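Colleague: I would like to see how this sequence folds:
(one chain, ligands or ions: 1)
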Amino acid sequence: MNKSILRQESNQYFIEDVKLNDIAQKFGTPAYVYSKKNILDQINFLQSALSDIDHLICFAVKANSNLSILKIFKESDCGFDIVSGGELQRVLTVDSSNSKIVFSGVGKTVSEIEMALNNNILAFNVESEEELIRINNISKRLSKTAKISIRVNPNVDAKTHPYISTGLKDNKFGIDETNAISLYKKAAALEHIKITGIDCHIGSQLTDLSPFEDAFIKLASLIDELESNQISIEHIDIGGGIGISYNNEEISPIDFYVQMIKKHLLKYNKKIILEPGRFLIGKAGLMLTNVEFIKKSDHKNFVIVDAAMNDLMRPSLYNAFHEVINLSNSKESNDSFDIVGPICETGDFLAKERYMHANQGDILAIMDVGAYGFSMSSNYNTRPRIPEIMVDQDNFYLIRERENFSDLIAHEEKLLERS
Ligand SMILES: *Cc1c(COP(=O)(O)O)cnc(C)c1O
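Modeller: Here you go, the predicted model:
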């Protein structure tokens, strides 16, 4: 699974049965383009790998929160992992009575907790004692009972980029494994709290999945301890983090992951909740961008494109690698280029030192941007956010319009006269 969505056929590039040139012509560049089939295949692939396990896949909304994409997950019987009130509202917009929502994050505000309680979410993944108290107080005021898991920090090294590694004891996430049981005991004594699970999420973009085993072993021993304290749970939430191949990295097979779940967690007979984001959507999207200029100097060549770090932040933020394909000229070349945007920051690059041919007017595809692509984009440099387009067999359609200038100034213009 997790193949490239791009298909080349007699000098033309396709996603499913649609020519990418047709999309660029109709909707312009830059633009995000997704394959519906790839998303569905990936969900089915994970669901069948887990078919022997009582499980619930809660798609991590922050990876890609487009409503039409959330709808695909909803129609595939997935739940959702949210990290903000805004994400909750997005999920409710596509599914007004969704009860398969888990709420993660270290800084849940009073109004976010109220909204989540009023919509009867499946569980709060509690990340601190103060949060637990806040949730209890609010549910008391609303005459509710909040269902909670405690997010345990198992102190394992996910061996991924430090910015997306979350399971080490120095991270801001979760409750240190050594304090988890005492917090569970406190939770058990709170009247408006119902303990329903245990949770952990050790990081993102794990290519070697073996750190999960360490986490599962720690979860198992905590569950044993909970049981010996007569604290019972209904589900075990093992978080997200399964990596994808951006640059031919070797990824552990998903069966390895499933076997680890079976070996360490199945004996408890609880529902296993997963929170994958990137694994389900990362390979399903690419970004089209137009070559504006070629700039050559003695020691460096630049391809200046119409997309930039505000449209795709991962290269600037994590030094992330995305494959770049020149759809207009895929011949091999000995010339190396940095692919950069027009933003006034040296950190504004999409790719470095790529061997390619490039001419003004060529269309490039930046690959594997379905996860943390659009969802991390901004309006920096007063650049309108770019459209998102879905390909479904031989059809393609907008799932988000290109923003325009009036969108950008809407919240300032009416205040001008006052200043
Ligand atoms: C970001 C995040 C995820 C999803 O991570 P992926 O690497 O995209 O699978 C899941 N759970 C939590 C708590 C997260 O913060």
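Colleague: spell out which residues of this protein are next to the ligand.
Modeller: Where proximity means Cβ under 6 Å from any ligand atom, the interface of the chain facing the ligand comprises 60, 62-63, 81, 83, 104, 201, 204-205, 239-242, 275-279, 371. All C-beta atoms are positioned from the backbone trio N, CA, C, and that covers glycine.
Colleague: let's see it at 8 Å
Modeller: Proximity of the chain to the ligand, by Cβ under 8 Å from any ligand atom, involves residues 60, 62-63, 81, 83, 104-105, 125, 151, 164, 166, 173, 199, 201, 203-206, 239-243, 275-280, 282, 371-372.
Colleague: so which of the residues you listed are in strands?
Modeller: 60, 81, 125, 151, 199 (DSSP state E).
Colleague: list only those of those residues flagged as buried.
Modeller: Buried subset of those (neighbour count, 16 or more other Cβ atoms under 10 Å): 60, 81, 125, 151, 199.
Colleague: where does the stretch 101-250 of the chain get nearest to the ligand, residue-wise?
Modeller: For the stretch 101-250 of the chain, the nearest residue to the ligand under the criterion Cβ to the nearest ligand atom is residue 240, separated by 2.7 Å.
Colleague: what number of residues lie near that residue?
Modeller: By the criterion of other Cβ atoms under 10 Å, residue 240 has 26 neighbours.
Colleague: from what I see, it and residue 280 are in contact.
Modeller: No. The pair residue 240 / residue 280 is not scored as a contact, 9.1 Å apart, by Cβ atoms under 8 Å.
Colleague: per-residue pLDDT, the residue of the stretch 251-400 of the chain found nearest the ligand?
Modeller: When distances are taken as Cβ to the nearest ligand atom, the stretch 251-400 of the chain reaches nearest to the ligand at residue 277, 2.7 Å away. With respect to pLDDT, residue 277 has a value of 98.
Colleague: from residue 65, how far off is it?
Modeller: Computed as Cβ to Cβ, to the nearest Å, the residue 277 to residue 65 distance reads 10 Å.
Colleague: with adjacent residues omitted, what lies nearest to the most centrally placed residue in the chain?
Modeller: Within the chain, one residue has its C-alpha closest to the average C-alpha position: by Cα atoms, centre = their mean, that is residue 63, at 2.0 Å. Of all residues beyond its chain neighbours, the one nearest residue 63 is residue 277 (3.0 Å), with distances taken as Cβ to Cβ, 6 or more residues apart in numbering.
Colleague: quick one, what contacts the residue nearest to the centre of the chain?
Modeller: For residue 63, the set of contacting residues under the criterion of Cβ atoms under 8 Å, 6 or more residues apart in numbering consists of 277, 278, 280, 281, 282, 370, 371, 372, 375.
Colleague: look up phi and psi at the first one.
Modeller: Meaning residue 277. The phi/psi pair for residue 277 (degrees, to the nearest 10) reads phi -120, psi -80.
Colleague: that one against residue 240, yeah?
Modeller: Yes. Proximity of residue 277 to residue 240 meets the contact threshold set by Cβ under 8 Å, at 5.3 Å.
Colleague: quickly list what's touching both of those two.
Modeller: Common neighbours of residue 277 and residue 240 (Cβ under 8 Å, 6+ apart) are 60, 81, 204.
Colleague: return the helix or strand in this structure with minimum mean pLDDT.
Modeller: Sorted by mean pLDDT, DSSP states H and E, the helices and strands of the chain end with strand 175-176, the least confident at a mean of 91.
Colleague: now for it, which elements pack on it?
Modeller: Using 3 or more Cβ pairs under 8 Å, 6 or more residues apart in numbering; DSSP states H and E as the contact criterion, the neighbours of strand 175-176 among helices and strands are strand 146-153.
Colleague: what's the strand it packs on packed up against?
Modeller: On a contact count with 3+ Cβ pairs under 8 Å, 6+ apart, strand 146-153 meets strand 123-126, helix 129-141, strand 175-176, helix 177-188, strand 193-199, helix 211-228.
Colleague: dump the helix or strand containing residue 41 to PDB, keeping only the CA atoms.
Modeller: When secondary structure is defined by DSSP states H and E, residue 41 falls within helix 36-49. Presented in PDB, the C-alpha positions along helix 36-49 are these (Å, rounded to 0.1, in the frame of the first residue of the first chain):
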ATOM      1  CA  LYS A  36     -10.100   9.800  -3.500                       C
ATOM      2  CA  LYS A  37      -9.200   6.200  -4.400                       C
ATOM      3  CA  ASN A  38      -5.900   6.400  -2.600                       C
ATOM      4  CA  ILE A  39      -7.600   7.600   0.600                       C
ATOM      5  CA  LEU A  40     -10.200   4.800   0.400                       C
ATOM      6  CA  ASP A  41      -7.600   2.200  -0.400                       C
ATOM      7  CA  GLN A  42      -5.500   3.300   2.600                       C
ATOM      8  CA  ILE A  43      -8.400   3.200   5.000                       C
ATOM      9  CA  ASN A  44      -9.400  -0.300   3.700                       C
ATOM     10  CA  PHE A  45      -5.800  -1.500   4.000                       C
ATOM     11  CA  LEU A  46      -5.600  -0.500   7.700                       C
ATOM     12  CA  GLN A  47      -9.100  -1.800   8.500                       C
ATOM     13  CA  SER A  48      -8.300  -5.200   7.000                       C
ATOM     14  CA  ALA A  49      -4.900  -5.400   8.700                       C
END
